[in-house]
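In: no sequence on hand, only this structure:
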Ligand code: XMP
C-alpha cells in the first residue's frame with residue numbers, strides 16, 4: 001500500500017507530543033501497558049463492545065481527562081519482585097477512578113498496597129477452572145459460577161492488599177480475583193482478554209458498563225461524526241495532500257477527509273509500473289464515484305529504470321521507496337500552499353511504535369521508509385490512528401464505500417517488485433501479472449461458504465472474501481517440462497494465500513484441491529512463459545507473507 005509505504009515511524013516523543021490522547025470527546029477506558037504480549041487484546045475486547053479505549057505505556061500516562069471512565073492495568077513479562085519491575089504511581093487513579101488489574105496488574109496492587117506476592121507457591125500456565133465466590137460482584141454479572149479461564153503466572157498473591165477480599169478462586173490459587181472494599185478497584189490473576197477465558201469478554205464488558213458506567217456508544221457512525229467535526233476544526237481552510245493506493249486505509253482516510261474539507265483534499269495516486277493487471281485504471285475508475293479529487297501519476301518507466309540490475313530484496317525495496325518519495329514530492333509541489341500530509345496510519349502502528357517494548361525489530365524495510373513529511377515541511381494528519389483494521393473497514397462501509405474497495409486484500413507498497421524474486425524486467429512483469437490475474441479472478445469466481453476474512457461475523461460468498469491476502473510470486477528458477485510434444489524450459493509460479501488478522505502472524509489457507517487444479521491448469525495453459533505452479537504452505541512465522 002502506497003500510503004503505508006510513506007508511513008513513517010514517529011518516535012515515541014513525537015507521537016506523544018502530537019497527540020497525547022487520540023480522542024478527547026468520546027468516553028473511554030485507559031489501558032496502561034506493562035508489556036504483556038496480549039495487551040492489544042484488552043483493547044480489542046473493549047472495542048468489540050463499542051467501548052472506546054486507548055493503550056498507553058505505563059510510564060507515559062496521558063492527562064486524566066473527564067472522558068476517562070476507568071483504567072485497566074495489563075499483564076507483563078516481569079515479576080513485581082524484580083528490582084527493575086515496572087512501577088506506576090497510582091495515586092491519581094486508585095480510589096478515584098474504577099480500576100481493574102489483570103495478572104501483573106493484580107499482583108502490582110497486592111505488592112504495593114499491603115499484600116504479598118510470592119514466587120514459589122503455585123504457578124499456573126494454561127487453562128484453569130474459576131469458581132466465583134462472590135456472585136453479587138458486578139464484575140461477574142451474568143458469568144457462570146464456574147468457568148474456564150486462562151492463567152499465565154509464575155508469581156502468586158499470597159496475601160491480599162489492605163481492605164481486599166477474594167471474589168473468585170481456582171483449585172490451585174485462592175486469590176484468583178479480588179475486590180478492594182470502599183473503592184471500585186478489582187483485580188484478576190487470569191487473562192479475561194484471551195479467547196481461552198470463555199467468559200472473559202463478558203467480564204471486561206461488566207467492568208466497562210457496570211463498574212465504569214460506559215454506554216458503549218462507540219460505533220462507526222459516531223466515529224465518523226466526531227472525526228469529521230474535529231478534522232474540520234483542525235484543518236479549517238488548509239490544503240491537504242494524501243497518497244492514495246487503492247488500499248482500504250488510504251481510501252477510508254481520503255473519504256473521511258473529503259467529507260470534512262471537500263476540494264481542499266488533493267489525492268495523488270502513483271503508478272509505479274509494478275501494479276497488478278489493469279490496477280491503475282481500475283482503481284482510478286473506482287475513485288470516480290467517491291467524488292475525490294485524484295491526480296493519477298504515471299511514473300512506471302522511472303521506477304523500472306531504477307530497478308535495472310538490482311537483485312537484493314532490501315535494495316529493491318529502498319530503490320522503490322526512494323523513487324516513490326521523489327515522484328510524490330514532485331507532484332505534491334505542484335499543489336501550491338499545501339500545509340498537511342494525510343496518512344492512513346492505523347492503531348496497531350501507533351501502539352507498536354510507542355509500546356513498552358518499542359518498535360519490533362526490522363525484518364523488512366517497509367515499516368521504516370519515511371522522511372517525506374519532514375522533507376516537505378508538512379504537518380501530519382492521521383484520521384484513522386485510533387482504529388484497528390476491522391474498524392477501518394466498518395467505518396468504510398458506513399461511509400458507503402463499495403465492497404470492491406473495502407474488501408481488497410492488502411497489497412505491499414513495493415508491489416510486484418517484491419513478488420518477482422531477483423531482478424525485475426518488463427517480461428517478468430507481464431508473466432506475473434497474467435498469472436496473478438488468473439489466480440485472483442479464480443478466487444473471486446469460486447463460490448464457498450466460509451467466514452469472511454474482513455468481517456469475521458459474516459459469511460463470505462467466494463474464496464477471495466474468505467482469504468485475508470493472496471498473491472502470486474515469480475521464482476527465479478526455470479525448469480524442464482513438456483508441452484505438446486516439445487520440451488519446455490520455463491518459469492515457476494508460486495501461489496500464496498493466507499488467513500491473518502493483522503499481517504503479524506498468518507496461516508496458509510487449505511485451498512480446495514479442485515480449485516488448485518483449475519488454477520494451475522489455467523495458468524500453465526494461458527500464461528506464456530510458465531510451465532510449473534507451486535503452492536506455498538508456510539505459515540508466518542517463520543516465513544513472511546511476501547517472499548522478499
Ligand atoms: P510480511 O511480508 O512482512 O508482510 O509478512 C506483512 C504484511 O505487510 C505487507 N507488506 C507491505 N505493506 N509496504 C506495505 O505497505 C511494504 O513495503 C510491505 N511489505 C509487506 C504484506 O503484503 C503483508 O500484508
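Out: Alright, I've got the coordinates. This one's a predicted model, so the numbers in the text were calculated from it and none came from an experiment. Residues are numbered from 1 along each chain as shown.

In: which parts of the stretch 401-548 of the chain are helices?
Out: 403-406, 426-445, 463-466, 513-526 (DSSP state H, counting those that start in this stretch).

In: burial of residue 67, as a residue count?
Out: Counted with other C-beta atoms under 10 Å, the neighbours of residue 67 add up to 14. From N, CA and C alone the C-beta is placed, and that goes for glycine too.

In: would you quantify the distance from it to residue 204?
Out: 19 Å (C-beta to C-beta, to the nearest Å).

In: over to residue 447?
Out: Separation of residue 447 from residue 204 (C-beta to C-beta): 37 Å.

In: more neighbours, these two?
Out: More crowded of residue 447 and residue 204, by other C-beta under 10 Å: residue 204, with 28 against 8.

In: immediately after the helix or strand of the chain with the lowest mean pLDDT, which helix or strand?
Out: The least trusted helix or strand in the chain, going by mean pLDDT, DSSP states H and E, turns out to be helix 12-18, with a mean of 29. On the C-terminal side of helix 12-18, the closest following helix or strand by DSSP states H and E is strand 28-33.

In: run the chain-centre distance for that next one.
Out: 18 Å (C-alpha atoms, centre = their mean, to the nearest Å).

In: who's in contact with the helix or strand following that strand?
Out: Sequence order places helix 39-48 as the next helix or strand after strand 28-33, per DSSP H and E. Helix 39-48 has contacts (C-beta atoms under 8 Å, 6 or more residues apart in numbering) with 29, 31, 33, 52-55, 72, 74-75, 102, 192-194, 200-201, 204-205, 208, 218, 347-348, 351, 388, 391.

In: one more time with 7 Å, if that's ok
Out: With C-beta atoms under 7 Å, 6 or more residues apart in numbering as the test, helix 39-48 has contacts from 29, 31, 33, 53, 55, 72, 74, 193-194, 201, 204, 208, 218, 351, 388, 391.

In: what does stretch 430-447 give?
Out: Under C-beta under 7 Å, 6+ apart, the answer for stretch 430-447 is 276-277, 416, 419-420, 461-464, 467, 470-472, 474, 491, 493, 495, 515, 518-519, 522-523, 526-527, 529-530.

In: in it, which residues are buried?
Out: 431-440, 442-443, 446 (16 or more other C-beta atoms under 10 Å).

In: of the residues you listed, list those near the ligand.
Out: Among the buried residues of stretch 430-447, no residue lies close to the ligand (C-beta under 6 Å from any ligand atom).

In: would you reformat those residues as TSV and include pLDDT?
Out: Converted to TSV, these look like this (pLDDT from 0 to 100):
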residue	pLDDT
431	98
432	98
433	98
434	98
435	98
436	98
437	98
438	98
439	98
440	98
442	98
443	98
446	98
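
In: any weak-confidence spans in the stretch 101-250 of the chain?
Out: Scanning the stretch 101-250 of the chain for pLDDT under 70 picks out the ranges 120-122.

In: what do you get if the cut-off is 90, keeping everything else the same?
Out: Within the stretch 101-250 of the chain, the ranges that satisfy pLDDT under 90 run 119-126, 152-154, 172, 195-196, 246.

In: that one: strands as residue ranges?
Out: Assigned strands in the stretch 101-250 of the chain, in chain order: 116-118, 124-132, 146-153, 156-159, 164-170, 177-180, 185-188, 239-244 (criterion: DSSP state E, counting those that start in this stretch).

In: tell me the angle the third one makes with strand 124-132.
Out: Between strand 146-153 and strand 124-132, the angle formed by their directions is 140 degrees, by axes from the mean of the first three to the mean of the last three C-alpha atoms, to 10 degrees.

In: what does strand 146-153 contact?
Out: The contact list for strand 146-153 (C-beta under 7 Å, 6+ apart) reads 103, 123-131, 189-191, 194, 196-199.

In: try the last one
Out: Contacts of strand 239-244 with the rest of the structure, by C-beta under 7 Å, 6+ apart, involve 2-3, 6, 250-251, 253-254, 257, 261, 264-269, 294, 328, 332, 335, 337-342, 381.

In: give me the contacts around stretch 453-465.
Out: 390, 393, 407, 440, 443-452, 466-468, 499, 515.

In: same thing but at 8 Å, please
Out: 390, 393-394, 406-407, 409, 440, 442-452, 466-468, 470, 499, 511, 515.

In: please pick the buried ones from those.
Out: Judged by 16+ other C-beta under 10 Å, buried ones among these: 390, 393-394, 406-407, 409, 440, 442-443, 446, 448, 452, 466-468, 470, 499, 511, 515.

In: which one of the strands of the stretch 101-250 of the chain is the most hemmed in?
Out: Burial among the strands of the stretch 101-250 of the chain, expressed as mean neighbours by mean count of other C-beta atoms under 10 Å, is greatest for strand 185-188, which shows a mean of 27.

In: distance from the chain centre to that strand, please.
Out: Relative to its parent chain, strand 185-188 has a centroid offset of 29 Å by C-alpha atoms, centre = their mean.

In: adjacent strands (with direction) for that strand?
Out: Note on strand 185-188: by DSSP bridges, its sheet partners are strand 99-102 (parallel), strand 177-180 (antiparallel).

In: thinking again about what came up before, so which pair among the contacts of helix 39-48 is furthest apart in space?
Out: The largest distance within the contacts of helix 39-48, taken as C-beta to C-beta, falls between 194 and 218 and amounts to 21.8 Å.

In: before we move on, the earlier item: out of the contacts of helix 39-48, which are close to the ligand?
Out: Within the contacts of helix 39-48, nothing lies near the ligand by C-beta under 6 Å from any ligand atom.

In: just those residues: which are in helices?
Out: 201, 204, 351, 391 (DSSP state H).

In: check the gap between the closest residue to the second one other than its chain neighbours and residue 195 for me.
Out: Ranked by C-beta to C-beta, 6 or more residues apart in numbering and with sequence neighbours excluded, the top spatial neighbour of residue 204 is residue 45, at 4.8 Å. Relative to residue 195, residue 45 is positioned 10 Å away (C-beta to C-beta).

In: do residue 222 as well
Out: In terms of C-beta to C-beta, residue 222 sits 27 Å off from residue 195.

In: which one's more surrounded, these two?
Out: Higher neighbour count among residue 222 and residue 195: residue 222, with 15 against 12, using other C-beta under 10 Å.

In: need the nearest residue in space to the more buried one, chain neighbours excluded.
Out: residue 26 (7.5 Å).

In: got the buried residues for stretch 81-97?
Out: Neighbour counts over stretch 81-97 (16+ other C-beta under 10 Å) mark 86, 88, 90, 93-94, 97 as buried.

In: contact partners for the residue lying closest to residue 240 once chain neighbours are set aside?
Out: Once flanking residues are discounted, residue 240 sits nearest to residue 340: 4.3 Å by C-beta to C-beta, 6+ apart. Counting by C-beta under 8 Å, 6+ apart, residue 340 touches 235, 238-241, 378-381.
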